[in-house]
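Undergrad: what's the 3D shape of this:
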Amino acid sequence: MPTTAAPSGPAAATPQPAPAHEPLPKLTRADGEPIRALVVDDEPELADLMRRGLEMTGWEVRTANDGFAALRTAREFVPDVLVLDVMMPGMDGVELLQKLRTIYPDVPALFLTAKDAVTDKVTGLAAGGDDYVTKPFSMKEVLLRLHRVVQRSGITAPQFALLQVGDLTLNKDTKVVQRDGTDIPLTGTEFELLKFLMENPRHVLSKSRLLDRVWNYDFGGQSNIVELYISYLRKKVDAGRPPMIHTVRGSGYVIKPAP
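TA: A predicted model of the protein is given here:
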């Protein structure tokens with residue numbers, strides 16, 4: 001099963017958006033309906049690959065293989081987010097976005113650009129694109145970036161403020177963290193790391209996933225920053241209590257209720 005999507009050629013099998021131990025957040029519109037994505041690429045196989053990946057996360061997806069078909073589809077479908085190939089014959093992705101924004105001024109867009117085509121990236125972002133991914137791309141990366149774009153857009157259903165795992169609670173709004181009713185003071189980074197762990201209880205999260213989500217960029221070879229902050233959390237959350245934060249050797253970290 002391929003882990004990347006090349007700019008041409010059919011997919012060998014249905015893509016897996018992300019490993020089971022690195023789940024994507026479940027997103028819906030504020031009205032509870034599925035997120036609607038319009039994928040536009042002049043290569044039908046690539047558009048279909050994207051469609052299947054997004055449908056596996058619960059989204060509703062339409063595809064189009066040129067800008068004119070995309071305009072017709074968008075008027076009927078009313079997309080919540082766009083995935084647009086920059087280089088398309090007839091009407092490129094930048095021109096298409098400009099036309100779609102006259103209909104839906106706030107619809108977010110992610111551009112697919114040629115590998116190392118810096119001009120495409122700059123042009124796409126300058127035209128109002130919210131993010132971009134270069135071809136050939138990792139399906140997992142595209143899905144994660146799209147989820148972030150949608151979360152930032154404000155169209156998703158509100159998330160509950162209070163997270164709870166066992167006797168540990170975290171309030172996203174007040175930033176109060178307690179275990180068995182006792183306050184646990186955390187730094188900003190410690191709070192974000194614990195929040196992400198608690199949003200995915202019993203799921204093993206890799207160092208690279210934690211780096212990408214909490215620190216928002218790849219730390220390269222310095223993944224020991226994750227180990228360091230996990231150590232900080234353990235001293236505050238698990239100190240003198242049955243442990244909740246566990247290391248899964250070779251895979252990452254997981255939080256679960258204490259036995």
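
Undergrad: pretty sure residue 243 sits against residue 235.
TA: No - under the criterion of Cβ atoms under 8 Å, residue 243 lies out of contact with residue 235, with a separation of 11.3 Å. Heads up, the C-betas are built off the backbone N, CA and C, glycines and all.

Undergrad: which one of those two has more residues nearby?
TA: Between residue 243 and residue 235, residue 243 has the larger neighbour count (other Cβ atoms under 10 Å), namely 13 against 9.

Undergrad: next secondary structure after the helix or strand containing residue 68?
TA: When elements are defined using DSSP states H and E, residue 68 is found to belong to helix 67-77. Past helix 67-77, further along toward the C-terminus, the next helix or strand under DSSP H and E is strand 81-85.

Undergrad: okay, now the sheet partners of that next one, with direction.
TA: The strands that strand 81-85 pairs with in its sheet are strand 36-40 (parallel), strand 109-113 (parallel) (by DSSP bridges).

Undergrad: output the helix or strand just after it as PDB, nothing but the C-alphas.
TA: Per DSSP H and E, strand 81-85 leads on to helix 93-103 as the next helix or strand towards the C-terminus. Backbone C-alpha positions of helix 93-103 (Å, rounded to 0.1, in the frame of the first residue of the first chain) are rendered in PDB as follows:
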ATOM      1  CA  GLY A  93      -5.800  26.900  -9.400                       C
ATOM      2  CA  VAL A  94      -5.000  30.500  -8.500                       C
ATOM      3  CA  GLU A  95      -7.500  31.800 -11.000                       C
ATOM      4  CA  LEU A  96     -10.100  29.300  -9.900                       C
ATOM      5  CA  LEU A  97      -9.700  30.400  -6.200                       C
ATOM      6  CA  GLN A  98     -10.200  34.000  -7.200                       C
ATOM      7  CA  LYS A  99     -13.400  33.100  -9.000                       C
ATOM      8  CA  LEU A 100     -14.700  30.900  -6.200                       C
ATOM      9  CA  ARG A 101     -13.900  33.600  -3.600                       C
ATOM     10  CA  THR A 102     -16.400  35.900  -5.400                       C
ATOM     11  CA  ILE A 103     -19.100  33.300  -4.600                       C
END
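
Undergrad: compute the inter-axis angle for helix 93-103 and helix 67-77.
TA: In terms of direction (axes from the mean of the first three to the mean of the last three Cα atoms, to 10 degrees), helix 93-103 departs from helix 67-77 by 30 degrees.

Undergrad: I'd like the mean pLDDT over helix 93-103, please.
TA: Averaged across helix 93-103, the pLDDT comes to 93.

Undergrad: sort out which residues of that helix are buried, please.
TA: Taking 16 or more other Cβ atoms under 10 Å as the basis for neighbour counts, the residues of helix 93-103 that come out buried are 93, 94, 96, 97, 100.

Undergrad: any chance you could list what contacts it?
TA: When contacts are taken as Cβ atoms under 8 Å, 6 or more residues apart in numbering, the neighbours of helix 93-103 outside the stretch itself are 40, 67, 70-71, 74-75, 82, 84-88, 91, 107, 109, 111-112, 123-124, 127-129.

Undergrad: next one: it to chain centre, how far?
TA: Per Cα atoms, centre = their mean, to the nearest Å, the displacement of helix 93-103 from the mean C-alpha position of its chain is 23 Å.

Undergrad: so which residues make contact with the helix or strand containing residue 62?
TA: If you go by DSSP H and E, residue 62 is part of strand 60-64. Outside strand 60-64, the residues within contact range by Cβ under 8 Å, 6+ apart are 33-41, 44, 47-48, 50-51, 54-55, 70, 72-73, 77, 79.
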